[in-house]
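**Q** The amino acid sequence is not available; the structure is as follows:
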Ligand SMILES: Nc1ncnc2[nH]cnc12
């Protein structure tokens, strides 16, 4: 079983090690705690945190916020901390097994069944990557519109693709130069925005608190299906957990609070949320830091798409894949207006919430916990088979499906035909979702519980 056989480096990690070109060679354990912390801290600060800050205010069907800014901040902190812990849970198995995220799913579901979430993940990551190039180009044009949009899209596509050729080098680059610049820009904007005359942040209600918390949680969880692609290079599972949970949550909280303050300054008009940043002294310069570093997100999207494709074709060269994918998302970003795609991305994302529940339960408490079984009679039965012949585990699929249904019943999302279907199911079951119900938490816990029960039943 691959997860048992993974050797630990004997002579310590090589400082400039790179990812092998195919999945057939072992992953170098080259990322320390600070490399990973800086990587996750960068992913936590996204332009989406500014443009999407209003989502944690639980907007009604007319887009009007129901939560006060103060309540939205608390909901966002709660959702982000919970989401960060879940991200940490997704990060640790990569470090322990040396396997990327979609290959880990071979251990959970079996090789063939792992191809289903792999294809979904490829679809969502191509969507996210395209989205990122569009966001970078639009934000760059608010800084300086002397270059047409297509020029910015192509420049962002080239930068993204270049970063993916040396993935571990790019993570080290982020740690060395980018993280510090981002922190300085964040602090600068805090000082500047807090000097502006802010409205009363307590106006509004606390009803819909969990809707706001869920919105923030969903953003953290959207990184779950890629976490192990990076933490497979981590030197310890504990470090991988801590760096992801703390690094990501800390900066996401910083970024969202800043986004909410900016939103308060433009009276909740999310189309103007960049204005307060650009309006302050040197704002254009510091905002340019945010725009440029957004390429770490598109980098992660393209690189992880390539690694996901390698779960299907392990011998494929990741460089060929990322160059083709970089060109592909650049073309899509030039051609498409994918504003409406956001709802599809959140729908695909909802697939991965219960999947993480099943994965964490089975990895830490079920068949995955081979360490606990070393030297015992259970040793042969435990441990994940992440080979290409791993047998199907339908019980785990059933546990995931239970969590998925729970999620959709509580929050079917914004794709109209899909939401209408689940509203019919709600009606047929006589179930009315309550505002205190968190779709993410319920589905995560229910799926995890079901995975433990299935595991126990199968052992009998
Ligand atoms: N670019 C991105 N932004 C936010 N969440 C994501 N999850 C995967 N890619 C993402």
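**A** Structure received. Note that the structure is a prediction, hence the values are computed from the model and not measured.
**Q** and the stretch 151-300 of the chain, which of its residues are near the ligand?
**A** Those residues of the stretch 151-300 of the chain that sit near the ligand, judged by CB under 6 Å from any ligand atom, are 222, 223, 297. (C-beta placed from N, C-alpha, C; glycine too.)
**Q** Spit out the contact partners of whatever residue of the stretch 151-300 of the chain ends up closest to the ligand.
**A** Going by CB to the nearest ligand atom, the ligand is nearest to residue 222 of the stretch 151-300 of the chain, at 3.5 Å. Applying CB atoms under 8 Å, 6 or more residues apart in numbering, we find residue 222 in contact with 128, 345, 349, 352.
**Q** now, which of those sits nearest the ligand?
**A** For the contacts of residue 222, the nearest to the ligand is residue 128 (3.6 Å; CB to the nearest ligand atom).
**Q** Now do the contacts for the nearest residue to the closest one once chain neighbours are set aside.
**A** Counting by CB to CB, 6 or more residues apart in numbering, residue 128 lies nearest to residue 301, which is 4.7 Å off, once chain neighbours are set aside. Applying CB under 8 Å, 6+ apart, we find residue 301 in contact with 125, 126, 128, 129, 132, 226, 329.
**Q** if I've got this straight, the third one is in a strand?
**A** No: Residue 128: not assigned to a strand; according to DSSP: H, G, I helix; E, B strand; the rest coil it is helix.
**Q** which residues touch it?
**A** 222, 297, 301, 345.
**Q** still on that earlier bit, so which two of the contacts of residue 301 are the farthest from each other?
**A** Farthest-apart pair in the contacts of residue 301 is 226 and 329; separation 15.1 Å (CB to CB).
**Q** For stretch 108-116, buried residues please.
**A** 108, 109, 110, 111, 113, 114, 115 (16 or more other CB atoms under 10 Å).
**Q** Now flag whichever of those is closest to the ligand.
**A** Of the buried residues of stretch 108-116, the one sitting nearest to the ligand (CB to the nearest ligand atom) turns out to be residue 114, at 18.6 Å.
**Q** just the residues of the stretch 1-150 of the chain that are near the ligand, which are they?
**A** Counting by CB under 6 Å from any ligand atom, the residues of the stretch 1-150 of the chain that sit close to the ligand are 46, 48, 128, 132.
**Q** What distance do you get for the residue of the stretch 151-300 of the chain closest to the ligand to residue 401?
**A** Residue 222 is 21 Å from residue 401, where distance means CB to CB, to the nearest Å.
**Q** lowest average confidence, helix or strand, in this structure?
**A** For the chain, using mean pLDDT, DSSP states H and E, the weakest element among its helices and strands is helix 2-5, scoring a mean of 44.
**Q** most centrally placed residue in the protein?
**A** Of all residues in the chain, the one closest to the mean position by CA atoms, centre = their mean is residue 223, 1.3 Å from it.
**Q** ok, it - contacts?
**A** Neighbour list for residue 223: 43, 87, 90, 248, 300 [criterion: CB under 8 Å, 6+ apart].
**Q** okay, those in a markdown table with neighbour count and secondary structure next?
**A** Below are the contacts of residue 223 laid out as a markdown table (neighbours: other CB atoms under 10 Å; DSSP: H, G, I helix; E, B strand; the rest coil):
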| residue | neighbour count | secondary structure |
| --- | --- | --- |
| 43 | 24 | helix |
| 87 | 28 | helix |
| 90 | 27 | helix |
| 248 | 29 | helix |
| 300 | 28 | helix |
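**Q** Reformat the residues you listed as JSON lines; add pLDDT.
**A** Shown next, in JSON lines, are the contacts of residue 223 (pLDDT from 0 to 100):
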{"residue": "43", "pLDDT": "97"}
{"residue": "87", "pLDDT": "98"}
{"residue": "90", "pLDDT": "98"}
{"residue": "248", "pLDDT": "98"}
{"residue": "300", "pLDDT": "98"}
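**Q** a markdown table for those residues, including distance to residue 282?
**A** Formatted as a markdown table, the contacts of residue 223 follow (distance: CB to CB, whole Å):
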| residue | distance to residue 282 |
| --- | --- |
| 43 | 25 |
| 87 | 33 |
| 90 | 38 |
| 248 | 28 |
| 300 | 29 |
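**Q** Show the residue spans covered by the helices in the stretch 151-300 of the chain.
**A** If DSSP state H, counting those that start in this stretch is used as the criterion, the helices of the stretch 151-300 of the chain fall at 167-173, 179-194, 209-221, 227-231, 237-242, 249-265, 275-279, 283-293, 295-312.
**Q** looking at those helices, which is buried most?
**A** With neighbours taken as mean count of other CB atoms under 10 Å, the helices of the stretch 151-300 of the chain reach their highest mean count in helix 227-231, at a mean of 30.
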